[in-house]
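Asker: give me a 3D structure for the following:
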Amino acid sequence: ASDADAPEGMEAFTVPACTWAIFPCVGAMPHAIQALQKRVIGEWLPASGYEYADAPDIELYFEGDQQAEDYRCEVWLPVTKK
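Answerer: Reported below is the predicted structural model:
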């Protein structure tokens with residue numbers, strides 16, 4: 001989040017307030033996050049009592065070696081109660 005103006009050649013995008021289901025991800029990129037997304041969409045979401053909200057998914061990457069087996073990141077899925 002930022003109050004700064006967008007740099008030249010870029011545009012600002014406001015993410016709407018909503019409820020987020022946050023999933024931790026551990027493993028080398030991009031395989032770990034692809035596998036997590038597949039499980040979230042195919043397994044968790046259908047059984048959760050939630051559905052996609054009208055907002056973008058967010059992938060949060062932390063500093064570190066993204067190829068390491070213990071690399072950690074998060075997937076934020078916008079949801080609404082069914």
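
Asker: hmm, who's touching the lengthiest strand in the chain?
Answerer: Criterion DSSP state E: the longest strand present in the chain is strand 72-81. With Cβ atoms under 8 Å, 6 or more residues apart in numbering as the test, strand 72-81 has contacts from 18-26, 29, 32-33, 36-37, 40, 45, 48-62, 64. For glycine as for every other residue, the C-beta is placed from the backbone atoms N, C-alpha and C.

Asker: next, count neighbours for residue 33.
Answerer: By other Cβ atoms under 10 Å, the residues close to residue 33 number 20.

Asker: and it, backbone torsions?
Answerer: Dihedral pair for residue 33: phi -70, psi -30, per degrees, to the nearest 10.

Asker: check contacts around it.
Answerer: Applying Cβ under 8 Å, 6+ apart to residue 33 gives the contacts 25, 59, 73, 75.

Asker: part of a helix, is residue 9?
Answerer: No - applying DSSP: H, G, I helix; E, B strand; the rest coil, one finds residue 9 to be coil, outside a helix.

Asker: thinking again about what came up before, show me which of the contacts of strand 72-81 are buried.
Answerer: Buried members of those, scored by 16 or more other Cβ atoms under 10 Å, are 20, 23, 25, 29, 32-33, 36-37, 40, 45, 50, 53, 55.

Asker: which residues in this structure form helices?
Answerer: 31-39, 45-48 (DSSP state H).

Asker: take those helices and write them to CSV, including distance to residue 13.
Answerer: Listed next are the helices of the chain as CSV, based on distance: least, Cβ to Cβ, whole Å:
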stretch, distance to residue 13
helix 31-39, 21
helix 45-48, 24
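
Asker: could I get these as JSON lines with mean pLDDT?
Answerer: JSON lines is the format used below for the helices of the chain (pLDDT from 0 to 100):
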{"stretch": "helix 31-39", "mean pLDDT": "97"}
{"stretch": "helix 45-48", "mean pLDDT": "96"}
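
Asker: between those helices, which one is closest to residue 2.
Answerer: helix 31-39 (24.1 Å; Cβ to Cβ).
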